[in-house]
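Trainee: The sequence and its predicted three-dimensional model are supplied below.
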Amino acid sequence: MHTESGFLNEEEQAEALRRFPESSLIRYEGGYPGALKKKVIFLRDEEDDFSDIVCITAAIDQRFRKITHRDVLGSLMSLQIDRHSFGDFWIEPERIVLYTSHQMAKFLCDNLLRISSLSVSFEPSEEQPVQVFHRREFEAVVSSERMDVLVACLANISRAKAVSMIREGKVQLNHRPLVKPDEVCDNDSTISIRGSGRYHFLGIVRRTRKNRIVVRFSQDIQEGERKR
């Protein structure tokens with residue numbers, strides 16, 4: 001029989017891929033191309049196309065009260081469900097989009113009725129919406145490519161605070177918890193900082209006259225967040 005995991009974040013996917021590489025019998029799927037959270041699905045045979053991932057949406061009116069990703073997550077957590085039971089979700093100007101399993105979709109449609117001060121009504125969607133990101137690139141002047149230096153720069157905090165965040169497990173490098181604050185960041189690495197966001201380190205652009213380095217980053221910003 002086919003079987004599947006819950007929705008895995010990128011760190012969990014990296015570990016799963018190490019043990020279970022994609023093949024004709026192992027598929028990673030999040031409901032739409034480019035999904036961030038995905039299930040690993042173990043198929044019965046090569047002709048098996050099993051997937052129980054569905055999309056539900058709720059129309060919203062944000063003219064008088066804006067809701068955020070955190071508001072939606074808080075409402076989901078208030079239902080005492082596991083984070084692995086739902087995949088990507090995002091807020092568009094006039095609706096909320098959420099991917100989950102077929103069984104959980106019914107539960108959420110029946111019970112997720114309010115987000116912050118907004119009343120909502122989720123229903124299954126026949127389409128498969130894709131989360132749209134806009135990439136911005138920017139440069140920064142830093143003293144080195146050490147991770148504590150880069151985290152301090154990106155989160156706009158002191159270096160000591162950056163070291164503390166790393167030791168508290170709040171920073172990931174390439175979807176794995178960063179352990180050593182003095183680790184040097186390689187080009188094309190992904191840096192995730194809790195409360196700040198996810199960034200891609202593109203490398204050194206040039207050196208300044210004072211021998212500091214100018215580095216370049218990129219960041220993918222979700223459409224709704226960009227407009228806010």
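Mentor: Received the coordinates, thanks.

Trainee: Could you list the low-confidence segments of the protein?
Mentor: By pLDDT under 70, the low-scoring segments of the chain are 223-228.

Trainee: Can you give me the domain boundaries for it?
Mentor: Domain assignment for the chain by automatic domain parsing gives 3-42, 53-124, 133-227.

Trainee: Export those as CSV, with columns for mean neighbour count.
Mentor: Just so you know, the C-beta spots here come from the backbone N, C-alpha and C atoms, and that holds for glycine as well. Supplementary listing: those in CSV, determined by neighbours: other Cβ atoms under 10 Å:
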stretch, mean neighbour count
domain 3-42, 16
domain 53-124, 16
domain 133-227, 15
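
Trainee: what's the closest non-adjacent residue to the residue positioned nearest the centre of the chain?
Mentor: By Cα atoms, centre = their mean, the mean C-alpha position of the chain lies nearest to L36, the distance being 5.4 Å. Of all residues not flanking L36 in the chain, D88 sits nearest, at 5.4 Å (Cβ to Cβ, 6 or more residues apart in numbering).

Trainee: tell me which element the one you found is part of?
Mentor: Assigned by DSSP states H and E, D88 belongs to strand 86-92.

Trainee: Mind exporting the C-alpha coordinates of the helix or strand immediately after that strand in the chain to PDB?
Mentor: The helix or strand immediately downstream of strand 86-92 is strand 95-101, counting by DSSP H and E. Extracted in PDB, the C-alpha atoms of strand 95-101 (Å, rounded to 0.1, in the frame of the first residue of the first chain):
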ATOM      1  CA  ARG A  95      -8.700  35.300  -0.100                       C
ATOM      2  CA  ILE A  96      -6.700  33.000   2.100                       C
ATOM      3  CA  VAL A  97      -5.200  29.900   0.400                       C
ATOM      4  CA  LEU A  98      -4.200  26.800   2.400                       C
ATOM      5  CA  TYR A  99      -3.000  23.300   1.400                       C
ATOM      6  CA  THR A 100      -3.700  20.400   3.600                       C
ATOM      7  CA  SER A 101      -4.800  16.700   3.400                       C
END
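
Trainee: Helix, strand, or coil at L17?
Mentor: helix (DSSP: H, G, I helix; E, B strand; the rest coil).

Trainee: bridging residues for the closest residue to it other than its chain neighbours?
Mentor: Excluding the flanking residues, the one nearest L17 by Cβ to Cβ, 6+ apart is Y28, at 7.4 Å. Y28 has these beta-bridge partners by DSSP bridges: V40.

Trainee: before we move on, back to that, and the gap between the residue nearest to L36 and V214?
Mentor: 34 Å (Cβ to Cβ, to the nearest Å).

Trainee: Over to A14?
Mentor: 30 Å.

Trainee: cool, Y99 as well?
Mentor: Remark: distance between Y99 and V214 (Cβ to Cβ) = 39 Å.

Trainee: again with A105
Mentor: Distance of A105 to V214, computed by Cβ to Cβ: 48 Å.

Trainee: repeat for L108
Mentor: Applying Cβ to Cβ to L108 and V214 gives a distance of 47 Å.

Trainee: Same check on S158?
Mentor: Going from S158 to V214 by Cβ to Cβ gives 21 Å.

Trainee: Could you pull up phi and psi at A152?
Mentor: Torsion angles at A152 (phi, psi; degrees, to the nearest 10) stand at phi -60, psi -40.
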